[in-house]
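Student: Quick one, fold the following:
(chains A and B)
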Amino acid sequence: MWLVVKKEIRELLRDRKTLFFMIALPLLLFPLIFGAVTYFTSKAFQDAENEVLKYALIGAQFSPELTDKLARQEGFELVSLTPDVSIKAQIDSGRLDFVLEIAEGYSADVLNHGSNQLKLYLNDAGLNLVFKRVNSLVSEFSQSYQQSSFAQLGLSELQQQALLKPIQLEKVDVSDKRENWGEKIGGIIPYVLFLLCLQGAMFPATDLGAGEKERGTLETLLLSPVPRYQLVLGKFLTIGLAGTISALLTVFSMAAWGIGLAQGMAISFLSEFLGQIGVIDFVLMFLMLIPVVAIFAALLLSLSIYARSFKEAQSYMGPLVMLVVVPVVLSTLPGVSLEGGWAWVPLTNVALAMKELIKGTMDYFALVAIFLSTMVIAGALLAFCVHWFSKEKVLFR
Amino acid sequence: MIEIKQLAKRFSVENPKKLSEQEKKDPRLKGRFFHSVENVSFACQPGQVLALLGPNGAGKTTTLRVLSSALKPDAGTIEINGLNVVNTPIEARRKIGFLSGATGLYGRLTGRENIEYFGRLQGLSKSRCRQRIEELSDLLELDSFLDRRSEHYSSGMKQKTMIARTVVHEPEVIILDEPTTGLDIMATETVLSFIRSLKAQGKPVIFSTHHLDEVNEICDRVTVIDQGATQFEGELTEFRACGDGSLHQAFLSCLVSREIG
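Tutor: Down below sits the predicted model:
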């Protein structure tokens, strides 16, 4: 068996595609993708912030000061409305970014005239900061009217605060930071880990099963005096190892790049958050990953050995991603926790256990039960794979 | 010695409706089963080269796969030097060297690593493996390319390496399934020389081919399989006599599939 493992690893490490998927992709490409997404998102926000907004006013005569403020404001350009063309059409065509309609009877004296009505027409689909920018400008007037009204009424600072917020509801969170953040991001970590393990194991699995058929080496291998189960175990271990290494490299690289890119606040948050998760919990998370990787390796190898070619194997493996995504997504849904039936749903229970480990609220007895049940499933799938590998109609299709 | 008696092997047909009209007409298709081999018997003595002949689909590859223990027969017996292949396949595999025209090498491994891997799987120690590779390298002139990755080999280099891989564990019997198919003249000559050397060593060799000139050149016995059954078994001279001195005519006279059309 170890002869097979040694040979398979040697061969995989000499393959550029495998090296790319197992090492280069996790180390460079994923962080680059995240970096690119961050860069382009922040650039889009910056552009939206600096964009000169073309606007038109309806009822400008009702509030000369607001009209004047907008006219003097940097980043705003007054455009006249085209008669007989709807506002929607003018905004959709890009001629205007927004239209502000000031209702008749607008007055700074809100105590006597009541609240003022403004209507903002805009196309709010896609990324734009029109509402935010107009609102911040209008808020200045709103606050000024508020202050003059309070002065007219002769209210003290305390009364003003009381009027603005008659009831103050203070939130006192008794959860510690670890539990809080664990609840928020704990579901994503198993999701990412599972998919990376699967993706990292996919290429080696294709190569070790269907690849043997395509190269014409399978028959020679089957004629060696090595029991079939040993051949399967050798291939199974190689695939599992590849998946685990790929996932660990990705996580390591994402963490390293994340800390490097985020700087300052993010570093203190990350180190604080990660510091609270004990080494034992990290080790337990890794241990929980072992039966999951074993399940993936057994499934992938079974599919791969059934396929006649690389292409056929890849077409079988595609739907497997969905089979993994669904139970893991279930674990992130609100109300789904490691209780009752959920504790026995394969993969979902492991994802939930990982989340609990991150939060620091794991019941370790339950963890043992989940680990053992997942190991049983992995063992059954491996047994199936060995059986599959001995079937003539699978090997000689 | 290799001895096969009344060998039978059938395969289940997953979807008989998908078969072509010609396949449906094949008398070996019975219900949901295709009886690839129904009654094949032959024997090959030490130092003999037996040619296994037959048209495409006759059952030659199935026979050789069963003989090499890759497939389990449904009926019949196979013995290699008295060892029952069906009951003790692992032991039998140590005695067999199998080479097919369709087999390949691990391209990302060197020729040396390819041979060593299979030698080690056959149970050879590391040092014995190295010793055998040196011996085979001298014999087959592998030295100039043995440490290069096999994905860069020419067809001749590949064939030589595969031959070395086949005999690295010094098998008692050799089975060759169309080993010269698709090879150029030089590579074919390498295979034929290899068979001659095995014959000289007193090993029984079973050799399936479509090339009657190769049969004429190196074989002692001939077995013709058609429609999954042995149609002829005997000495090369007897076979030639069936066609009035022409191997081509002899071969055609043995085929039952011609009558079926």
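
Student: Beyond the helix or strand bottoming out on mean pLDDT in chain A, next helix or strand please.
Tutor: In chain A, no helix or strand scores lower on mean pLDDT, DSSP states H and E than helix A:264-276, which sits at a mean of 61. Later in the chain than helix A:264-276, the nearest helix or strand by DSSP states H and E is helix A:279-306.

Student: And that following helix, what's buried?
Tutor: Neighbour-count burial for helix A:279-306, counted by 16 or more other Cβ atoms under 10 Å in any protein chain shown, picks out A:281, A:284-285, A:288-289, A:291-306. Using the backbone N, CA and C atoms, a C-beta is placed for each residue, glycine as well.

Student: Next, the angle helix A:279-306 makes with the helix or strand where A:Leu372 lies.
Tutor: Assigning secondary structure by DSSP H and E places A:Leu372 in helix A:364-389. Here helix A:364-389 points in a direction 20 degrees away from that of helix A:279-306 (axes from the mean of the first three to the mean of the last three Cα atoms, to 10 degrees).

Student: elements contacting helix A:364-389?
Tutor: For helix A:364-389, the packing partners by 3 or more Cβ pairs under 8 Å, 6 or more residues apart in numbering or on different chains; DSSP states H and E come out as helix A:228-262, helix A:279-306, helix A:348-359.

Student: and chain B, which of these is closest to it?
Tutor: The closest of the helices and strands packed on helix A:364-389 to chain B is helix A:228-262. By Cβ to the nearest Cβ, the value is 9.0 Å.

Student: thinking again about what came up before, could you dump the helices and strands packed on helix A:364-389 into JSON lines and include mean pLDDT and distance to chain B?
Tutor: Listed next are these as JSON lines, based on pLDDT from 0 to 100; distance: least, Cβ to the nearest Cβ, whole Å:
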{"stretch": "helix A:228-262", "mean pLDDT": "82", "distance to chain B": "9"}
{"stretch": "helix A:279-306", "mean pLDDT": "89", "distance to chain B": "13"}
{"stretch": "helix A:348-359", "mean pLDDT": "89", "distance to chain B": "34"}
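
Student: Make TSV out of the ones you listed and add distance to B:Leu212.
Tutor: Rendered in TSV, the data for those read as follows (distance: least, Cβ to Cβ, whole Å):
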stretch	distance to B:Leu212
helix A:228-262	38
helix A:279-306	38
helix A:348-359	63
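
Student: which one of these lies closest to A:Ala162?
Tutor: helix A:348-359 (39.2 Å; Cβ to Cβ).

Student: ok, A:Asp176 - contacts?
Tutor: Listed by Cβ atoms under 8 Å, 6 or more residues apart in numbering or on different chains, the contact partners of A:Asp176 are A:Gln276, A:Gly360.

Student: So it versus A:Leu3, what's the distance?
Tutor: Per Cβ to Cβ, to the nearest Å, A:Asp176 is found 51 Å from A:Leu3.

Student: what's the distance between the residue nearest the centre of chain A and chain B?
Tutor: In chain A, the C-alpha nearest the mean C-alpha coordinate belongs to A:Ile188, at 6.4 Å (Cα atoms, centre = their mean). A:Ile188 is 36 Å from chain B, where distance means Cβ to the nearest Cβ, to the nearest Å.

Student: mind listing what the nearest residue to that residue once chain neighbours are set aside touches?
Tutor: Excluding the flanking residues, the one nearest A:Ile188 by Cβ to Cβ, 6 or more residues apart in numbering or on different chains is A:Thr332, at 7.3 Å. If you count contacts by Cβ under 8 Å, 6+ apart, A:Thr332 has them with A:Gly187, A:Ile188, A:Tyr191, A:Ala351.

Student: mind putting those in TSV, secondary structure included?
Tutor: Supplementary listing: the contacts of A:Thr332 in TSV, determined by DSSP: H, G, I helix; E, B strand; the rest coil:
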residue	secondary structure
A:Gly187	coil
A:Ile188	helix
A:Tyr191	helix
A:Ala351	helix
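
Student: of all these, which two lie farthest apart?
Tutor: Based on Cβ to Cβ, the longest span within the contacts of A:Thr332 runs between A:Ile188 and A:Ala351 and measures 10.0 Å.

Student: before we move on, the earlier item: out of the contacts of A:Thr332, which end up buried?
Tutor: For those, buried by 16+ other Cβ under 10 Å: A:Gly187, A:Tyr191, A:Ala351.

Student: The last one reaches A:Pro190, doesn't it?
Tutor: Yep, that's A:Ala351 we're talking about. Yes. The pair A:Ala351 / A:Pro190 is scored as a contact, 3.9 Å apart, by Cβ atoms under 8 Å.

Student: any common contacting residues for those two?
Tutor: Listed as contacting both A:Ala351 and A:Pro190 by Cβ under 8 Å, 6+ apart are A:Val328, A:Ser331.

Student: Look up phi and psi at the closest residue to chain B within the stretch 1-150 of chain A.
Tutor: In the stretch 1-150 of chain A, the residue found nearest to chain B is A:Arg14; the distance is 4.2 Å by Cβ to the nearest Cβ. Main-chain dihedrals, A:Arg14, degrees, to the nearest 10: phi -100, psi 0.

Student: burial count for it?
Tutor: 16 (other Cβ atoms under 10 Å in any protein chain shown).

Student: How about it: what's its closest non-neighbour residue?
Tutor: B:Arg108 (4.2 Å).
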